[in-house]
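>>> using only what follows, build the 3D model:
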Amino acid sequence: MLCSRIGKEHERRQKIMAYQKINRRRKYRRKKSYPLATVFFTILFCVGLSLGLAALWQNHDKNLTASSEIKSSAEEQSSSSQQQSEAESSLADSSSSADAEDEAPSEYEYSLPVPESQRVTSSYFDDALFVGDSITAGIQSYALMKNASVVAFTGINTDTIMTREVIRNDAGELETMPQAISRCQNVKKVYVMLGANGVAWIGKESFVKNYGVFLDTIRQQHPNADIYVQSILPVTASKEQSDPRFANSKIREYNAALQDMAQEKKYYYLNVAEAFADENGCLPEEASPTDGMHFGPKYYEVWFEYLKNHVANPDSISDNDTSGADVSFSAA
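Below you'll find the predicted structure:
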């Protein structure tokens with residue numbers, strides 16, 4: 001009986017121990033499986049997260065690419081618009097420049113004598129001032145160009161013209177030629193002829209320098225006037241033979257220096273001498289049979305006919321200056 005109980009108790013313990021062993025195995029298996037599941041789900045989560053991030057990044061790249069393309073397109077359109085605008089502006093500027101060039105008068109060529117131009121009548125010289133020595137004084141002596149102003153004196157030269165008091169004013173007082181010129185009103189053209197006296201004994205450099213100072217003074221007094229430098233006229237062959245100081249070759253040298261000075265200072269140079277010179281470059285004997293330098297009304301008409309056909313500034317010519325009756329100087 002006792003043995004039977006002992007056997008049953010032993011069997012029961014064996015079952016309990018077996019059960020406990022089974023439970024321990026189950027717990028161990030559970031404990032062992034949990035980390036594996038965690039790792040599995042962690043890996044699965046990471047993979048999913050990576051895929052999600054990759055998708056987001058790809059989408060972001062697409063957005064950036066699209067944005068860049070849009071921006072690039074906008075910049076290209078802006079650049080194209082700017083280039084078109086610049087091209088239109090350039091065309092407009094070119095057109096304006098071309099119009100301005102068409103409208104702007106060309107620069108006058110002061111290195112050359114005044115060329116032949118449209119002929120004007122005597123009325124063109126109504127607002128002119130003639131300045132010079134005894135040859136210019138002949139305009140008054142022969143009552144020529146009655147409406148023009150004349151400031152001239154026999155024997156004046158470039159050495160004395162600035163300081164010598166030779167012109168008597170309305171008050172009876174003597175004054176210099178620059179002072180007399182300053183009182184002239186409404187002067188639009190000034191014709192200067194000097195040198196017939198000084199060429200014989202004044203050095204060329206001094207002659208031209210003093211001539212230029214005198215012209216600059218006139219320009220200051222009458223800044224809106226056209227100023228003409230007239231060449232020194234030739235003398236007769238007999239005159240230069242009797243007094244070589246007046247040789248026509250020397251006169252031509254002085255005239256060349258005057259032309260250079262006129263170019264430098266931008267004065268109009270009138271080669272009046274070509275209207276008086278014969279085939280030998282001399283004043284015809286019949287023009288000045290007395291002293292070989294001075295001449296009568298016939299050659300004053302030659303002089304003024306040359307001036308009428310040599311106007312440097314076309315803008316100074318009005319309709320009245322090219323039409324109507326003209327003056328016959330030989331009849332004066």
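
>>> looking at this protein, which helix or strand is least sure?
helix 2-103 (a mean of 58; mean pLDDT, DSSP states H and E).

>>> and the next helix or strand past it?
Per DSSP states H and E, the first helix or strand lying C-terminal to helix 2-103 is strand 128-132.

>>> which residues sit against the helix or strand just after that next one?
Sequence-wise, the next helix or strand downstream of strand 128-132 (DSSP H and E) is helix 134-141. The contact list for helix 134-141, computed with CB atoms under 8 Å, 6 or more residues apart in numbering, reads 130, 144-145, 148, 150, 152-155, 193, 196-197, 233, 293-294, 300. C-beta: built from backbone N, CA, C; applies to glycine.

>>> just the buried ones out of those, please.
For these, a burial check counting by 16 or more other CB atoms under 10 Å picks out 130, 144-145, 148, 150, 152-153, 193, 196-197, 233, 293-294, 300.

>>> going by distance to residue 185, which of the residues you listed wins?
Residue 185 lies nearest to residue 148 out of the buried ones among the contacts of helix 134-141, by CB to CB, at 12.7 Å.

>>> now, the buried ones among the contacts of helix 134-141 that are in strands?
130, 150, 152, 193 (DSSP state E).

>>> of all the residues you listed, which two lie farthest apart?
Farthest pair in these (CB to CB) is 150 and 193. Separation: 11.4 Å.

>>> anything in contact with each of these two?
Common neighbours of residue 150 and residue 193 (criterion: CB under 8 Å, 6+ apart): 130-131, 136.

>>> what angle separates whichever strand or helix holds residue 215 from strand 128-132?
Following DSSP H and E, one finds residue 215 within helix 204-221. Helix 204-221 runs at 150 degrees relative to strand 128-132, counting by axes from the mean of the first three to the mean of the last three CA atoms, to 10 degrees.

>>> and helix 204-221, average pLDDT?
Mean pLDDT, computed over helix 204-221, is 98.

>>> could you do stretch 317-324 as well?
Stretch 317-324 shows an average pLDDT of 77 in the prediction.

>>> pull the residues that contact it.
By CB under 8 Å, 6+ apart, stretch 317-324 touches 118-121, 123-124, 311.

>>> biggest separation within those, which pair?
Top of the distance list for those (CB to CB): 118 and 123, 14.1 Å.

>>> distance of residue 148 from residue 186?
Residue 148 is 12 Å from residue 186, where distance means CB to CB, to the nearest Å.

>>> go on, residue 166?
Separation of residue 166 from residue 186 (CB to CB): 24 Å.

>>> neighbour count for the two, which is higher?
Neighbour comparison, residue 166 and residue 186: the larger count goes to residue 166, with 17 against 10 (by other CB atoms under 10 Å).

>>> before we move on, the earlier item: list the buried residues of the helix holding residue 215.
For helix 204-221, by 16+ other CB under 10 Å, it's 207-208, 210-212, 214-215, 217-219, 221.

>>> got it, and stretch 282-298?
Buried, per 16+ other CB under 10 Å, within stretch 282-298: 282-284, 287-288, 292-295, 297.

>>> export the residues you listed as TSV, with columns for pLDDT and distance to residue 175.
Below are those laid out as TSV (pLDDT from 0 to 100; distance: CB to CB, whole Å):
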residue	pLDDT	distance to residue 175
282	98	37
283	98	33
284	98	37
287	97	33
288	96	31
292	97	32
293	96	27
294	96	25
295	96	29
297	93	29
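
>>> hmm, which two among these are most spread apart?
Farthest pair in these, by CB to CB: 282 and 297, 20.6 Å.

>>> hmm, residue 312 and residue 108 touching each other?
Yes. In this structure, residue 108 is within contact of residue 312 by CB atoms under 8 Å, at 6.9 Å.

>>> identify the contacts common to these two.
Listed as contacting both residue 108 and residue 312 by CB under 8 Å, 6+ apart are residue 268.

>>> more crowded one of the two?
Between residue 108 and residue 312, residue 312 has the larger neighbour count (other CB under 10 Å), namely 19 against 12.

>>> okay, the more buried one: pLDDT?
Reading off the model, residue 312 has pLDDT 94.

>>> so what's it up against?
Residue 312 sits next to 108, 114, 117, 226, 228, 268 when contact means CB under 8 Å, 6+ apart.

>>> the fourth one and residue 115: what is the separation?
Using CB to CB, residue 226 is found at 15 Å from residue 115.

>>> got it, and the first one?
With distances taken as CB to CB, residue 108 is found 11 Å from residue 115.

>>> common neighbours of those two, please.
Contacts common to residue 108 and residue 115, judged by CB under 8 Å, 6+ apart, are absent.

>>> I'd assumed residue 120 was in contact with residue 314.
No. Between residue 314 and residue 120 there is no contact under CB under 8 Å: 10.2 Å.

>>> and these two? Which one has more around it.
More crowded of residue 314 and residue 120, by other CB under 10 Å: residue 120, with 21 against 9.
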